[in-house]
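**Student:** Any chance you can model this:
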Amino acid sequence: MRTKRRSLRAYLVEPFKQIRFGLHVVGVSLAFISLLAWLFVRSFREQYQQVIDIFQVTETSDLMTNDVFLRNALVIGGTLFLFAASIMFVVIRRTHKMYGPMVSIMRFVGERDKGNYAVRIHIRERDDFQSLVGRLNSLAETLHKRHGKSTDSSATGHSGLDALDARLRDMEEGVVVVEDPTNGNKAS
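**Tutor:** Have a look, this model is predicted:
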């Protein structure tokens, strides 16, 4: 089975959150790499100074600016760039599997708030939160069976829980709406 290639935009479900998270991970990683580099350079200089003292070299400025030093600095810089780019790639791919379902779950909850019990959550097979989505869909099925279609409205203009909520508010206000079951008229 052939899978479609996705663009970077397809992986950025919540771009600001995903990129910010990636930059935090890269920042912490680079801070520790900088600490390790500082420790390495410090120990290298101490070792280098011992060699200079042992062999009594007088001209040390040329030794630190030679081609070998420059080539190693470029290799280390390129490696750090590849490290930061690969960390960002991994973070974006990984957060895509989390933020995608979260966006779907938030839409699902919004539909529940509107009284729409027929909507279900659909996520990709490899996304996180599979068990949570399954349980939320089971809950939606139970609510749908219990409260019926969300588009049906009762004589008061409300459906399911909305009708119950409206009646409870009326009771708090001291007004009780009673429906005449024979002809659907309201009496207060």
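
**Student:** quick one: the helices in this protein?
**Tutor:** 8-11, 15-55, 61-64, 67-113, 130-147, 160-173 (DSSP state H).

**Student:** could you dump those helices to CSV with distance to residue 119?
**Tutor:** Heads up, the C-betas are built off the backbone N, CA and C, glycines and all. Formatted as CSV, those follow (distance: least, Cβ to Cβ, whole Å):
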stretch, distance to residue 119
helix 8-11, 23
helix 15-55, 24
helix 61-64, 67
helix 67-113, 4
helix 130-147, 7
helix 160-173, 14
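
**Student:** Adding mean neighbour count and mean pLDDT, write those out as TSV.
**Tutor:** Converted to TSV, the helices of the chain look like this (neighbours: other Cβ atoms under 10 Å; pLDDT from 0 to 100):
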stretch	mean neighbour count	mean pLDDT
helix 8-11	12	70
helix 15-55	12	86
helix 61-64	9	59
helix 67-113	14	87
helix 130-147	14	88
helix 160-173	13	61
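
**Student:** how about these, which one is nearest residue 122?
**Tutor:** helix 67-113 (7.0 Å; Cβ to Cβ).

**Student:** List of residues touching stretch 128-147?
**Tutor:** 97-98, 101-102, 104-105, 108, 112, 117-121, 123, 159-161 (Cβ atoms under 8 Å, 6 or more residues apart in numbering).

**Student:** can I get the CA coordinates of that stretch in CSV?
**Tutor:** This file holds the C-alpha atoms of stretch 128-147, laid out as CSV (Å, rounded to 0.1, in the frame of the first residue of the first chain):
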residue,chain,number,x,y,z
ASP,A,128,-2.0,9.1,20.2
PHE,A,129,-5.1,9.0,22.4
GLN,A,130,-6.7,6.0,20.7
SER,A,131,-8.2,4.6,23.9
LEU,A,132,-9.5,8.1,25.0
VAL,A,133,-11.1,8.6,21.6
GLY,A,134,-12.7,5.2,21.8
ARG,A,135,-14.2,5.9,25.2
LEU,A,136,-15.4,9.4,24.1
ASN,A,137,-17.1,7.8,21.1
SER,A,138,-18.7,5.2,23.4
LEU,A,139,-20.0,8.0,25.6
ALA,A,140,-21.3,9.8,22.6
GLU,A,141,-23.1,6.7,21.4
THR,A,142,-24.7,6.3,24.9
LEU,A,143,-25.8,10.0,25.0
HIS,A,144,-27.1,9.7,21.4
LYS,A,145,-29.2,6.7,22.4
ARG,A,146,-30.4,8.3,25.6
HIS,A,147,-31.2,11.7,24.2
